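Visitor: need a structure here:
(chains A and B, ligands or ions: 2)
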Amino acid sequence: MTVCRLSGDAQPRLQGRETMIELRKVSKSFETRGRSVKALDTINLSVREHEFVALVGPSGCGKSTVLNMLAGLMDPSAGEVTYRGERVSGANRRVGYMTQKDTLLPWRTVEDNIRIALELRCRSSEAGERGARLREIIDLVGLNGFEKHYPSEISGGMRKRAALARMLIYEPETLLLDEPFGALDAQLKIIMQRELLRITRVRNMTVVFVTHDLAEAVTLADRVCVFSGRPGRIRAEREVLAAEPRDVVGMRFTPEFGALAEDLWNELKDDVGKELTT
Amino acid sequence: MAAALKDVWIPRAVLLALALASWEWAGHSANGEWISRPSAIVIRLGEMIGAGLHIDIAVTLGEISAGLAIGGPAGVLLGLWLGRSPLAAGLLSPVVVALNSIPFVALAPLMIMWFGLGVLPKIVLVALVTFFIMFFNAYSGVLAVDRDLIDGLWLMGAAPDEAFRKVVLPGAAAWIMSGLKSAVPYALIGATVGEMMLARRGIGHLVTQAASQFDMTGVYAALFVLMVLGIVLSEAVALTEARLLRWRK
Ligand SMILES: Nc1ncnc2c1ncn2[C@@H]1O[C@H](COP(=O)(O)OP(=O)(O)OP(=O)(O)O)[C@@H](O)[C@H]1O
Ligand SMILES: [Mg+2]
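Guide: Numbering: from 1, shown residues only, chains lettered A, B, ... in the order given. Ligands and ions are numbered 1, 2, ... in the order given. Purely as a prediction, here's the structure:
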């Protein structure tokens, strides 16, 4: 795999880390109206502990399907998905999953939605401690003043942030994020990226992050995987080495960053074009 | 918007006054006794109130509430159960659908033969009608719950009963409320039909009693009471719904 060093003093961050997630020769087909559509074709992907992996690729190439399989919501048609060495079957409760479509409960206010994971029996915590964490996380995603609003009363970007808070509050060891910042404006996006990096580093989280934004992928990820169009395959992988802590704004203005983004774009563009013309 | 609403009240009032005036005028003409007169109806209502109208209202309302209190929860529980268990649904839903195909009005004579002349047959009739309505709404409500919402809670570590309490039940609540909204008018119909067959009290009884004496004013007065009752009940449910389902925009 190609290693891209974005600054001279960048050190490998993940040496000696064990494999956390592994997809081995995974294929996935869907049956719809008697026709079988192959969404993913023989994917191999492994993610190490504490690693931040970004998946990019044309629409419909199976990125969300990969996350669904990691979460145990779908089984592969062929091949094997393992998590910490164990085969994933049924809901994988060690991951937090923020889906492409937000799944906030419409009858709960923003704060009651965010709090819901802490209400579950498997996570008994003191009411006082819960309240403190709730305020902290609402602050973090910038939803102060909207705690008592219902999801139907806030904007799409705010719903995304509420969904992110709902996932972060219970600190799962692995985060699956499907275009979490797609609906945010450029400025808010940078703030959220910075916070996500900070939190995942402090809490040593493993992250699989789907995005359409190449600059975002390079800014955040230790590794970027480029998918080809349907049926999805992994077409290229780039390891990104950058000085820690990453400066999510400053690093964009280095020539190395531009070169890597261009390199990824070259891998991606044939397929994107193909998708549009067919 | 508010101004437009205000403006519409004046033509409405004018229209109503015109309609009442022409009714009154027609009632004074030949054969007027068949359509009665608003003024006569008002006087009759006054007499009825003096003669214990409140007892008839209480009897009808009592039948409606008792019937709803039995049929409603029973229908909701069965609906929730079948919604959760495809096996039970496959087994029982054809039976429920078949039974529901009987026009419930046709059951009234049977109810009276089984349960006599008192309030019991009316309560059973109301309970039956509301049972089916609430059943179908609760059942559809459970089936309509977004699978992704349940999956989301699963991943957070919810136990099956927690997923049911926190997602399925509140998700189905909107359907159950709209079931209640359609059940209440049917409950009023059920109670009235039962009273019209055979009864000692109740507003349905007032209607048939007046009709058997060709007392048109009495019939209209009883119908007016039924209309007011229907409006009040529907408004009460609509208000409850608006309060419980504030999240729906
Ligand atoms: N539940 C499903 N049933 C049938 N087909 C599905 C299902 N989920 C996904 N697919 C198909 O699998 C393919 C990949 O879908 P997927 O949602 O994984 O794409 P994606 O890469 O996430 O796209 P996007 O970037 O637009 O979100 C698509 O062709 C889609 O039609
Ligand atoms: Mg997707």
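
Visitor: which parts of stretch B:176-193 are buried?
Guide: Across stretch B:176-193, burial judged by 16 or more other CB atoms under 10 Å in any protein chain shown covers B:176-184, B:186-193. Yep, even glycine has a C-beta here, placed from its N, CA and C like the rest.

Visitor: ends of stretch B:100-109, how far apart?
Guide: End-to-end distance for stretch B:100-109, by CA to CA, to the nearest Å: 17 Å.

Visitor: give me the contact list for that stretch.
Guide: Outside stretch B:100-109, the residues that touch it by CB atoms under 8 Å, 6 or more residues apart in numbering or on different chains are B:121, B:125, B:128, B:129, B:132, B:136, B:189, B:190, B:193, B:194, B:197.

Visitor: how would you label the fourth one: helix, strand or coil?
Guide: Yep, that's residue B:129 we're talking about. helix (DSSP: H, G, I helix; E, B strand; the rest coil).

Visitor: how close does it sit to residue B:194?
Guide: Using CB to CB, to the nearest Å, residue B:129 is found at 10 Å from residue B:194.

Visitor: which one's more surrounded, these two?
Guide: Per other CB atoms under 10 Å in any protein chain shown, whichever of residue B:129 and residue B:194 has more neighbours is residue B:194, with 31 against 26.

Visitor: now the more buried one: closest residue in space that isn't a chain neighbour?
Guide: Of all residues not flanking residue B:194 in the chain, residue B:122 sits nearest, at 3.5 Å (CB to CB, 6 or more residues apart in numbering or on different chains).

Visitor: so that neighbour touches residue B:196, yeah?
Guide: No - between residue B:122 and residue B:196 there is no contact under CB atoms under 8 Å: 10.1 Å.

Visitor: so between those two, which is more surrounded?
Guide: Legend: neighbour count by other CB under 10 Å for residue B:122 and residue B:196, higher for residue B:122 (31 against 19).

Visitor: hang on, the earlier thing: contacting residues for the residue nearest to residue B:194?
Guide: Residues in contact with residue B:122 (CB under 8 Å, 6+ apart) are B:63, B:67, B:111, B:190, B:191, B:194, B:195, B:199, B:202.

Visitor: following the helix or strand where it lies, which helix or strand shows up next?
Guide: Under the criterion of DSSP states H and E, residue B:122 resides in helix B:120-144. As assigned by DSSP H and E, the chain's next helix or strand after helix B:120-144 is helix B:147-155.

Visitor: how many neighbours does the residue in the stretch 101-250 of chain A that ligand 2 sits nearest to have?
Guide: In the stretch 101-250 of chain A, the residue that lies nearest ligand 2 is residue A:178 (5.7 Å; CB to the ion). By other CB under 10 Å, the residues close to residue A:178 number 20.

Visitor: the closest residue to it other than its chain neighbours - how many residues pack around it?
Guide: Leaving aside its chain neighbours, residue A:178 sits nearest to residue A:100 (4.2 Å; criterion: CB to CB, 6+ apart). For residue A:100, the count of nearby residues is 15 (other CB under 10 Å).

Visitor: in this structure residue A:90 contacts residue A:74, no?
Guide: No - counting by CB under 8 Å, residue A:90 stays clear of residue A:74, with 11.0 Å between them.

Visitor: now do the helix or strand hosting residue A:176 against helix B:147-155, angle only.
Guide: Element membership of residue A:176 [criterion: DSSP H and E] is strand A:174-178. Compare the direction of strand A:174-178 with that of helix B:147-155 by axes from the mean of the first three to the mean of the last three CA atoms, to 10 degrees and you get 160 degrees.

Visitor: show me what strand A:174-178 pairs with in its sheet, parallel or antiparallel.
Guide: Strand A:174-178 pairs in its sheet with strand A:95-98 (parallel), strand A:206-210 (parallel), by DSSP bridges.

Visitor: is that strand in proximity to ligand 1?
Guide: No - Strand A:174-178 does not reach ligand 1 (CB under 6 Å from any ligand atom); its nearest approach is 7.0 Å.

Visitor: residue A:4 belongs to a strand?
Guide: Yes - counting by three-state DSSP, residue A:4 is found in a strand.

Visitor: that one touches residue A:261, doesn't it?
Guide: No - with contacts counted by CB under 8 Å, residue A:4 stays clear of residue A:261, the gap being 10.1 Å.

Visitor: overlap in contacts of those two?
Guide: Residues touching both residue A:4 and residue A:261 (CB under 8 Å, 6+ apart): none.

Visitor: against which helices or strands is the strand or helix carrying residue A:137 packed?
Guide: Taking DSSP H and E as the criterion, residue A:137 maps to helix A:127-140. Under the contact criterion of 3 or more CB pairs under 8 Å, 6 or more residues apart in numbering or on different chains; DSSP states H and E, helix A:127-140 touches helix A:110-119, helix A:156-168.

Visitor: then that helix to CSV, C-alphas only?
Guide: Written as CSV, here are the backbone C-alpha positions of helix A:127-140 (Å, rounded to 0.1, in the frame of the first residue of the first chain):
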residue,chain,number,x,y,z
ALA,A,127,-29.0,10.3,37.2
GLY,A,128,-26.6,13.2,38.1
GLU,A,129,-23.8,11.8,36.1
ARG,A,130,-26.1,11.3,33.1
GLY,A,131,-27.2,14.9,33.3
ALA,A,132,-23.7,16.2,33.4
ARG,A,133,-22.7,14.1,30.4
LEU,A,134,-25.8,15.2,28.5
ARG,A,135,-25.0,18.9,28.9
GLU,A,136,-21.4,18.3,27.9
ILE,A,137,-22.2,16.5,24.7
ILE,A,138,-25.0,18.9,23.7
ASP,A,139,-22.4,21.7,24.1
LEU,A,140,-20.0,19.7,22.0
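
Visitor: quick one: that helix to helix A:156-168, angle?
Guide: Interaxial angle, helix A:127-140 versus helix A:156-168 (the same axes, to 10 degrees): 140 degrees.

Visitor: which stretches of chain B have low pLDDT?
Guide: For chain B, applying pLDDT under 70 flags the ranges B:1-5, B:30, B:249.
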